[in-house]
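1. The sequence and its predicted three-dimensional model are supplied below.
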Amino acid sequence: MTTTTLDIAVIGAGNIGTAMAALLSRSGAHVHLVARGARLAEVREHGVVLDDRGDVIHARPMTESALTRPMDAVFLCVKSQSLATAVRDNASGIGPHTWVIPMVNGLPFWFFATPEDMGDIPYLDPEGDLAALLSPRQILGAVLLMTVRMEGNRALSSNTPTLSLGPVTDGVDRSRLASLIEALEAGGVRTDLSEDIRQKVLVKLLANLTTNPLTALSGAMLEEVGQTPLLREISTQLATEFRNWTTTRGFDLPENDWLVDLMIDAGPFPTSMLQDALAGRALELDAICRAPLALSRRDGMGMPLLARLIAEVEAHDTLPLSETALPEALDRLLPNTDFSKG
């Protein structure tokens, strides 16, 4: 239990939102879970369930269709393309002193934020809603390392949740931040305060960019990407393109051996984009792929393989591709490459 009782909201009741609501319910905080439609009715009736390698948490957070009063902290557990809608619909829950923690994959909208300005990144806040509704000083950058998938109404996790938090600009109240970290730790989320959250964001984006769209196209699990010669070659060439661009921005990202080991260690786990493709949901291409590509082009570089991969994903109404259609698609990504002998 924490020494300070916080009001913490989790917006979104998918895999990450369900897991966070369940974990935070063990912390002693007042947890508010915002959901919609059938999922809201389901959570109200049955609560949320997280199965963490046999350790089952069954919690009943307060459930709401929208926040009606300011929270101490709001975790935005929705897809990046839904952030503006989530913030706008729950504006009553976000006061001037509310921490706002976007738990999204890809390049975050705040990446170039200063104390006075949110910055500009193509695709990520096209209408300027996030910049208008939020102050950079209340945003905490977040990098969550947790493999979660939904099975029915139950979230299944296969690793210890690890969360890095960091203010995206100067001038924040560190004592209030300490109370939030205390609550997270009490709930079982291993949390660290990062002095360079942007570096950690880019390390995770390296993994996301090189695996998510490729698995959505191919249907491969993460370990399969690391073990299959052609998929591994595409993934590592994507990594090289991305690393070359981030190096010009002053960041030092892990090499390809680290990436391949990461994929193999993940086992037969579907990426979030593959899960979305299988469920017929919109893919997070803007934050994971299009925004980094646009920024690299703005810097005079570009990522040609990533551009071909985006075009290939966009060209198909149904993903992942069938076993008969996939070889031609992969050949268009890396033409004249023969991996028939492994």
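-> Ah, there it is. Computed from a predicted structure; not experimentally measured.

2. how about Leu283, secondary structure?
-> Secondary structure of Leu283, reduced to three states by DSSP: H, G, I helix; E, B strand; the rest coil: coil.

3. Might one say that it is in contact with Ala216?
-> Yes. Proximity of Leu283 to Ala216 meets the contact threshold set by C-beta atoms under 8 Å, at 6.0 Å. For glycine as for every other residue, the C-beta is placed from the backbone atoms N, C-alpha and C.

4. between the two, who's got more neighbours?
-> When neighbours are counted by other C-beta atoms under 10 Å, Leu283 and Ala216 differ, and Ala216 comes out ahead with 27 against 20.

5. Phi and psi next, for that one.
-> Main-chain torsions, Ala216, degrees, to the nearest 10: phi -60, psi -40.

6. Pull up the per-residue confidence for it.
-> Confidence at Ala216, expressed as pLDDT, is 98.

7. change the start of the numbering to 11 and stick with it
-> Sure, I'll start counting at 11 from here, so that last one is Ala226.

8. Might one say that it is in contact with Pro330?
-> Yes. The pair Ala226 / Pro330 is scored as a contact, 6.3 Å apart, by C-beta under 8 Å.

9. got any residues that touch both of those two?
-> Listed as contacting both Ala226 and Pro330 by C-beta atoms under 8 Å, 6 or more residues apart in numbering are 284, 287.

10. Packing partners of the least confident helix or strand in the chain by mean pLDDT?
-> Within the chain, judged by mean pLDDT, DSSP states H and E, the helix or strand with the poorest mean is strand 158-161; its value is a mean of 90. Counting contacts by 3 or more C-beta pairs under 8 Å, 6 or more residues apart in numbering; DSSP states H and E, strand 158-161 is packed against helix 25-34, strand 164-167.

11. Confidence-wise, which of these is weakest overall?
-> Among the helices and strands packed on strand 158-161, strand 164-167 carries the lowest mean pLDDT, at a mean of 93.

12. thinking again about what came up before, tell me, what's touching Leu293 and Ala226 both at once?
-> Listed as contacting both Leu293 and Ala226 by C-beta under 8 Å, 6+ apart are 283, 286-287, 323, 329.

13. Tell me how far the residue nearest the centre of the chain lies from Asp286.
-> For the chain, the residue lying nearest the average C-alpha position, counting by C-alpha atoms, centre = their mean, turns out to be Asn115 (2.4 Å). Distance, Asn115 to Asp286, by C-beta to C-beta, to the nearest Å: 11 Å.

14. Same question for Pro330.
-> Noted for Pro330: a distance of 11 Å to Asp286, by C-beta to C-beta.
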